[in-house]
Every structure is written in C-alpha cells, then in structure tokens.
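Undergrad: Could you look at this predicted model? Sequence included:
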Amino acid sequence: MRSKKVRKNSWIFCVAAAIALVSGAVLTVPTSMAADPPTVNVKIDNFSFTPATITVKTGTQITWTNADDIPHTVVSDGQEFKSKVLDTNETFTFTASKPGTYSYFCSIHPKMTGKVVVE
Amino acid sequence: MPLQKKQDESLFDHNVDRDGGHDDDGIDRRGFLKCMAWAGTGALCVLEGGVLKSYGLDDPARIAKAARGELSFVQISDSHMGFNKPANSDVVGTLKAAVGKINAMPVPPAFMLHTGDISHLSKAEEFDTVDQILKSAPTKDVFFVPGEHDVLEDDGKQYRERYGKNTKGDGWYSFDQKGVHLIGLVNVMNLKAGGMGSLGAAQLEWLEDDVRHLSKSTPVVVFAHMPLWNIYPEWGWGTDDSAQALSYLKRFGSVTVLNGHIHQTMQKVEGNVTFHTADSTAFPQPHPGAAPSPGPMKVPAEQLRSLLGVTNVNYVRKHHALALIDSTLE
C-alpha cells in the first residue's frame, strides 16, 4: 500500500512539473517552437540494434547509444546518415526529415542491421 | 571450464600419436573436425602432406623435435591496444607477456605475423604503443594485415602508411621465405550490410595472378584477419568470398590459413588446407553461439592469461610439414 501511495504521489508531482514546464515554455518562447521534436532511442547492445525496426514521424530525432564494450557504427545503406565510430556509451543522433525506408547497418560488424521507416 | 577440458581430451584422444613415432596413422579426420575448438592449453600440430597431427604441450622432447624446422615464425593477433574494459584492463601488460613468451622460445622466430586488430580504435597512440612493445621482440620483421579496428574512419589510410608500404590495393601482398610463399590478405574493408568479411574482386584477381607462377609443391601460407572459412556466420565469423580465394589454392599440396578476429584457437582440415585461428593477446571471446553476442568475455582474473596466447609456426622441408604450436600466456 505504501509503495503504491508513493508512486501515486510521484505521478502527481510529475504531472505538476510537466504543467509547470509547459506553461513556462509557452510564456517564454514563440508558440511554433513550443514543442520539442519527438525523440526515439535505439540501443546498441549485444551486437544488435534494439528495436531493430522503428517507425517514426517526419522530424523525429533518433538517437543511437552504444552499450557494448566494442565500438560500432550506424550507417544507412544509401549513406543518408552515417555516424562516426561510437565507442562505449557514445551516441549518434539523426533527424528524420524525409519520408522513406532507410535500412542501416554497423559498417564494422555488418551482420548488425536495422531499419528506420519515416512516415 | 568442464566443457573445455572435455574438448581438450577428445582432441588428444583423436590425434595423439600413441606409439610415440612419426608414422602416418595419426588422425581420424572426421573425429578431428568434431573437436576443433580448444583454448587454455597448448597444442602442437604437425601438418604432413595435408594431414594434421596434434600433440599435447606437456611433452617437451617431442615438441623440440617437431619444432626444429627450416623456418619458424610466430603469429600474434588482436592486441586491441586502447581497449580498457573489464574483460582486460591491461592490454599493454598482456601484449608484453606475449612478446616475453616469444623471447623465451628455444628457436627464435625468423619473423612475426600480426593478423590484425593491432589497435582498438585506430588511434595513432595505440599503434605507437604496439610498435614500442614489439621493439623488444626477437625479430624486427613483423608482417601485418589489418583488422576492422585498424581501419576505422579513414578507410585504412593510416594503417597503410604505417604497416602497408609496398602493398597493393587496401594493403594485400605476398613474399617468400625459405621456399614458403606467404600471402597477406585484407578482408575487413568495404563490408556489405548483412555480410561477413570481404576480399573483393580486385584482390581476388591479384591473388589468382600471384599464385599462378608457383609450383604446386610450394607450401603456401595465407594470413588475414577474419576467418577465411565460415566458422559462425550468425556472428559474421567468416568471409563472403573466401571460397573463390581458396579455389585458386586447390592445386597446392600444402596450404595453411592463419586468421585472428575470433579471439580463440580453432582448427579445421579440409583437403590439403589447414585452417587455424589464433588467440588474442588482449581478451577472449565466447565459443560460437555460447553467448548472446561475440563481445569480450569476462573471466576471473586468474584465468585470463590461460585464454590469451601466441602461435608458433614451423616448416620442416624434409617432412613437407608445417607445425602449429599454440601457447597461452601462462
């Protein structure tokens, strides 16, 4: 019971904080820039991309984070996006600006493949 | 490591020359193919006319006899200088230990091969550190091929400037030593999505031409970073167009293929071709399929050096033989 109560309280706090943040944003920046672009995270772990396929709206920021002890890269087959070599905990962000299907892989370990579908 | 112990035993059960002589009855090839993987012990492998015999390293007299050849050289691999994760936070120390092992060999090697992943992140200081450590090796002649970790970012430009002078294409080359023809191949460049290692058309064309003039009795040693046989395609442990390369070597009586990349010793005999992968000097990797991924394997500190090592290769002209000895760093 106790933990449930705590969780409920935290939830209320989060909503309150979010409301405060949003109202703050509305007050300080023009409306067109009020909303941050949507973000999606892809984890690189155990020599694979998770989730392997993501479907996102145009404008979404996709961030890959390498959680392996070995460096990896993120390179789309058509070179629309290409990361530098990502060592452990390094990230790469790509903003999906054009609709389409982008297959990508790790150019060091090409068995590692993934797909980004931009709608 | 009960599984590993079992593999060791089965290897020697199949291969030890029980009567102590050097006759030709040594090996049940099918049995040998079943027990290719071992690590943590050393084995001496003598290739005679395409047939490989294996002896335990606990018999120094027989090793000394088999190792006394006209050409002796050493293979080291996967030093991954710059790696600093828990699997081995001292890759400098283990590379130095490998060089120490080579210095302690009864017959100094004529030269050394490094089968790639010299560095972890292709950084100049990583290459510098390896070069510095190798200065204390018993020979200054070290022949390299690149691993994928050596050609990050710049398509191998820095690698070739350091180690690939006078090589062709991405860094492939060949040379002769005491009647043995050695060929260094590059299979870590221009990798295709979903694929494994790749040699590419230009290199294959060069290889075909390179061996054309050789007599079929010339012992051939091919060395490259990624395995030139499909060990475990699920982890990319193979080379997409290796069959094409091997087709050019079919007519030779003795072909030895030396690779790195998988950080463990494995062997296979196929016709007159013996395939061998070397231990890393930096960190071990799991047996194929034994872990969710081929990432560095963390083992207790006291076990680490039993899973790292060097390979000594001997050629005895009289016996038409190449002998491979794997030694761990312990």
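TA: Noted; the coordinates are in hand.

Undergrad: give me every residue that touches the closest residue to chain A within the stretch 51-200 of chain B.
TA: Closest to chain A within the stretch 51-200 of chain B is B:Ala193: 3.8 Å, counting by CB to the nearest CB. (C-beta placed from N, C-alpha, C; glycine too.) By CB atoms under 8 Å, 6 or more residues apart in numbering or on different chains, B:Ala193 lies in contact with A:77, A:103-105, A:110, A:113.

Undergrad: Mind checking which of those are buried?
TA: A:104-105, A:110, A:113 (16 or more other CB atoms under 10 Å in any protein chain shown).

Undergrad: Turn these into TSV, columns for secondary structure.
TA: Below are the buried ones among the contacts of B:Ala193 laid out as TSV (DSSP: H, G, I helix; E, B strand; the rest coil):
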residue	secondary structure
A:Tyr104	strand
A:Phe105	strand
A:Pro110	coil
A:Thr113	strand
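
Undergrad: Report the two members of those residues separated by the largest distance.
TA: A:Tyr104 and A:Pro110 (10.7 Å; CB to CB).

Undergrad: picking that back up, chain B next: which of the buried ones among the contacts of B:Ala193 are close?
TA: Residues of those in contact with chain B (CB under 8 Å from any CB of the partner chain): A:104-105, A:110, A:113.

Undergrad: Just grab the bridge partners of B:Phe143 for me.
TA: B:Leu113 (DSSP bridges).

Undergrad: Now that B:Phe127 has come up, it's in contact with B:Met81, right?
TA: Yes. Contact criterion CB atoms under 8 Å: B:Phe127 and B:Met81 qualify, at 7.3 Å.

Undergrad: so what sits against both of those two?
TA: Listed as contacting both B:Phe127 and B:Met81 by CB under 8 Å, 6+ apart are B:118-119.

Undergrad: neighbour-wise, which of the two wins?
TA: Using other CB atoms under 10 Å in any protein chain shown, the more surrounded residue of B:Phe127 and B:Met81 is B:Met81, with 25 against 20.

Undergrad: Which residue, other than its chain neighbours, is closest to that one?
TA: B:Glu126 (4.1 Å; CB to CB, 6 or more residues apart in numbering or on different chains).

Undergrad: Which elements pack onto whichever strand or helix holds the one you found?
TA: Using DSSP states H and E, the element containing B:Glu126 is helix B:124-134. Secondary-structure packing of helix B:124-134 (3 or more CB pairs under 8 Å, 6 or more residues apart in numbering or on different chains; DSSP states H and E): helix B:91-103, helix B:157-163.

Undergrad: quick one: that helix to chain centroid distance?
TA: 20 Å (CA atoms, centre = their mean, to the nearest Å).

Undergrad: relative orientation of that helix and helix B:91-103 in degrees?
TA: 30 degrees (axes from the mean of the first three to the mean of the last three CA atoms, to 10 degrees).

Undergrad: Other residues contacting helix B:124-134?
TA: Outside helix B:124-134, the residues that touch it by CB under 8 Å, 6+ apart are B:79, B:81-82, B:92, B:95-96, B:99, B:112, B:118-120, B:142, B:150, B:158, B:162.

Undergrad: rerun at 10 Å
TA: B:76, B:79-83, B:91-93, B:95-96, B:98-99, B:102, B:112, B:114, B:118-120, B:123, B:140, B:142, B:144, B:149-150, B:158-159, B:161-163, B:281 (CB atoms under 10 Å, 6 or more residues apart in numbering or on different chains).

Undergrad: which residues in chain A form strands?
TA: Per DSSP state E, chain A carries strands over the ranges A:39-45, A:48-50, A:53-56, A:61-66, A:75-76, A:91-95, A:100-105, A:113-118.

Undergrad: Using CSV, please lay out the ones you listed together with mean pLDDT.
TA: Shown next, in CSV, are the strands of chain A (pLDDT from 0 to 100):
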stretch, mean pLDDT
strand A:39-45, 97
strand A:48-50, 97
strand A:53-56, 97
strand A:61-66, 98
strand A:75-76, 97
strand A:91-95, 97
strand A:100-105, 97
strand A:113-118, 98
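
Undergrad: Redo those strands as TSV? Include distance to B:Pro219.
TA: Putting the strands of chain A into TSV (distance: least, CB to CB, whole Å) gives the following:
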stretch	distance to B:Pro219
strand A:39-45	43
strand A:48-50	41
strand A:53-56	49
strand A:61-66	43
strand A:75-76	40
strand A:91-95	47
strand A:100-105	38
strand A:113-118	40
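
Undergrad: what residues are up against A:Cys106?
TA: By CB under 10 Å, 6+ apart, A:Cys106 lies in contact with A:44, A:47-49, A:64, A:66, A:68, A:70-75, A:83, A:85-86, A:112-114, B:191, B:193, B:236.

Undergrad: how does it look with 8 Å?
TA: Here A:Cys106 is in contact with A:44, A:47, A:72-75, A:112 (criterion: CB under 8 Å, 6+ apart).

Undergrad: got it, and B:Phe83?
TA: Contacts of B:Phe83 by CB under 8 Å, 6+ apart are B:91, B:120, B:282-283, B:296.

Undergrad: So the nearest residue to B:Leu258 once chain neighbours are set aside versus chain A, what's the distance?
TA: With CB to CB, 6+ apart as the criterion, B:Leu258 has its nearest non-adjacent residue at 4.3 Å, and that residue is B:Phe223. Going from B:Phe223 to chain A by CB to the nearest CB, to the nearest Å gives 20 Å.

Undergrad: re the thing from before, and which of the ones next to chain B among the buried ones among the contacts of B:Ala193 is nearest B:Phe252?
TA: Of these, the one sitting nearest to B:Phe252 (CB to CB) turns out to be A:Pro110, at 30.5 Å.

Undergrad: name the element the closest residue to that closest one other than its chain neighbours belongs to?
TA: In this structure, A:Pro110 finds its nearest non-sequential neighbour in B:Leu191, 4.3 Å apart by CB to CB, 6+ apart. Here B:Leu191 sits in a region with no helix or strand, counting by DSSP H and E.

Undergrad: What residues does the stretch 101-250 of chain B have near chain A?
TA: So the stretch 101-250 of chain B meets chain A at B:120-122, B:148-149, B:152-153, B:191-196, B:233-236 (CB under 8 Å from any CB).

Undergrad: what's the pLDDT at B:Leu33?
TA: B:Leu33 is assigned 35 on the pLDDT scale.

Undergrad: go on, B:Gly179?
TA: With respect to pLDDT, B:Gly179 has a value of 87.

Undergrad: Hmm, it is touching B:Ser217, no?
TA: No. Between B:Gly179 and B:Ser217 there is no contact under CB under 8 Å: 9.3 Å.

Undergrad: burial count for B:Glu161?
TA: 11.

Undergrad: Show me how chain A divides into domains.
TA: A:2-33, A:39-118 (automatic domain parsing).

Undergrad: So which of those is the most surrounded?
TA: The highest mean neighbour count among the domains of chain A, using mean count of other CB atoms under 10 Å in any protein chain shown, belongs to domain A:39-118: a mean of 17.
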